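In: Build me a model:
(2 chains)
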Number of protein chains: 2
Amino acid sequence: MQIEFWLEFASTYSYLSALRLPTQTAKAGVSVRWRPFLLGPIFAAQGWNTSPFNIYAAKGTYMWRDMERRADKLGLGFQRPEPFPQNSLLAARVAQAAPEGQEMIAFCHNVYLAQFSEKLDISDPNVIAACAASAGLDAKLLDQAQTKDNKLALRASTEEAIRQGIFGAPSFVVGDALFWGDDRLEDALDWAVQHG
Amino acid sequence: MQIEFWLEFASTYSYLSALRLPTQTAKAGVSVRWRPFLLGPIFAAQGWNTSPFNIYAAKGTYMWRDMERRADKLGLGFQRPEPFPQNSLLAARVAQAAPEGQEMIAFCHNVYLAQFSEKLDISDPNVIAACAASAGLDAKLLDQAQTKDNKLALRASTEEAIRQGIFGAPSFVVGDALFWGDDRLEDALDWAVQHG
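Out: Model prediction:
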């Protein structure tokens, strides 16, 4: 069975899942569809105008420490982006516009690494253009990302996420089963194998 | 090194950790101190008058489904308590008053099983008395739990939790390192072994 990986580019724990997903899914023999979406509208509907990690100080302090430890365990670099959360709209639009495949996945990896390992600002069109180019994506995609159709497609994805009960990122959807958080990636893969 | 297990009796995921803790800590060769505390005052300070799982509907819906799956994986019964969250004050006071040891741990297990497996109301003094009796705790403890000194000791524990940066349950503290959530139990044990 296929799993859907719902990713928000500004999300810290989505970084961990995005980077370890290809190895884990290959091991489990499960295929993945990468589904960019935006958490902003979902948070706004809960009355939050920023990340809950900014609103709830103790939870935020914990998350930064936890991310350092988890990234270290996975051998990934980690720096705290400034500002946090980053504006991920452009990255999400480019990922939405990209055809599914290795280049799209490489682009996602590049954006996460730029943001969380190199501390670059992913709202900067030059950063996103470099991420796309080094992933082997066509430069035309940056224009396609800004078309009305593509903007609507990303909005429709976010609405689909809400319909599926998604409230945070990363989330994994396997059939009608939802799994939330990097710590549930293995459960989602097990589920896909057992219900495949 | 010792780990401190900070538990809130009304917390769903604390149930999972409490029940699997003795096996996991024995395997790792790590000793544990069980630290009952109350999340209510911590939530209240964040502006919440109930569990965030009640306030944020999508998150709550997910949690109940996730708990079913996790309990099933661990071979534990699971029923949704009504009301949720339960009033855990009496259980916490008894656990606070109990001397450290196997009986106190058995009492904690009994309370979690009564609540989440048998769907009993843990604010009912008869339920708590039965949990204490079957754990081998002295019946006098139920009176000691209601003394001013013991009430203050529980309040001091909750204040200590806040000072340690605790914002949810279960939490694990190893030296000055905090780990939050049942999914971080293994990380906490690894940390205790490596920094022991």
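In: Alongside chain B, which residues does chain A contribute?
Out: Residues of chain A found near chain B (C-beta under 8 Å from any C-beta of the partner chain) are A:46, A:56, A:58-59, A:61-62, A:65-66, A:69, A:162, A:165-168, A:177-181, A:183-184, A:187. No exception for glycine: its C-beta is placed from N, CA and C like everyone else's.
In: Can you tell me which of those end up in helices?
Out: A:58-59, A:61-62, A:65-66, A:69, A:162, A:187 (DSSP state H).
In: one step back: buried members of the residues of chain A next to chain B into PyMOL, please.
Out: In PyMOL, this line selects whichever of the residues of chain A next to chain B come out buried by 16 or more other C-beta atoms under 10 Å in any protein chain shown:
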select buried, chain A and resi 56+58+59+62+66+69+165+166+167+168+177+178+179+180+181+183+184+187
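In: Redo the ones in helices among the residues of chain A next to chain B as CSV? Include distance to residue B:144.
Out: Below are these laid out as CSV (distance: C-beta to C-beta, whole Å):
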residue, distance to residue B:144
A:58, 32
A:59, 35
A:61, 36
A:62, 34
A:65, 37
A:66, 37
A:69, 40
A:162, 50
A:187, 42
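In: Out of these, which is nearest to chain B?
Out: residue A:58 (3.9 Å; C-beta to the nearest C-beta).
In: re earlier: out of the ones in helices among the residues of chain A next to chain B, which two are the most distant from each other?
Out: A:69 and A:162 (31.3 Å; C-beta to C-beta).
In: which ones are touching the residue of chain A most remote from its centre?
Out: Ranked by distance from the centre of chain A (C-alpha atoms, centre = their mean), the top residue is residue A:194, with 25.2 Å. Residue A:194 sits next to no residue when contact means C-beta atoms under 8 Å, 6 or more residues apart in numbering or on different chains.
In: Where do the strands of chain A begin and end?
Out: A:3-7, A:32-36, A:171-174, A:177-180 (DSSP state E).
In: between the first one and strand A:32-36, how many degrees?
Out: Just to be clear, that refers to strand A:3-7. 30 degrees (axes from the mean of the first three to the mean of the last three C-alpha atoms, to 10 degrees).
In: Tell me the helices and strands packed up against strand A:3-7.
Out: Applying 3 or more C-beta pairs under 8 Å, 6 or more residues apart in numbering or on different chains; DSSP states H and E, we find strand A:3-7 packed against helix A:12-28, strand A:32-36, strand A:171-174, helix A:185-194.
In: Of these, which stretch is the most buried?
Out: Using mean count of other C-beta atoms under 10 Å in any protein chain shown, the stretch among these with the largest mean neighbour count is strand A:171-174, at a mean of 24.
In: Just give me the neighbour total for residue A:78.
Out: Neighbours of residue A:78 under the rule other C-beta atoms under 10 Å in any protein chain shown: 18.
In: Could you check how far the closest residue to it other than its chain neighbours is from chain B?
Out: Excluding the flanking residues, the one nearest residue A:78 by C-beta to C-beta, 6 or more residues apart in numbering or on different chains is residue A:71, at 3.7 Å. Shown here: residue A:71 relative to chain B, a distance of 13 Å by C-beta to the nearest C-beta, to the nearest Å.
In: what residues are up against residue A:71?
Out: Residue A:71 is in contact with A:15-16, A:77-78, A:116, counting by C-beta under 8 Å, 6+ apart.
In: ok, now with 10 Å
Out: Contact analysis of residue A:71 by C-beta atoms under 10 Å, 6 or more residues apart in numbering or on different chains lists A:12, A:15-16, A:19, A:77-79, A:116-117.
In: Give me the distance between it and residue B:115.
Out: With distances taken as C-beta to C-beta, to the nearest Å, residue A:71 is found 36 Å from residue B:115.
In: Then residue A:187?
Out: 24 Å.
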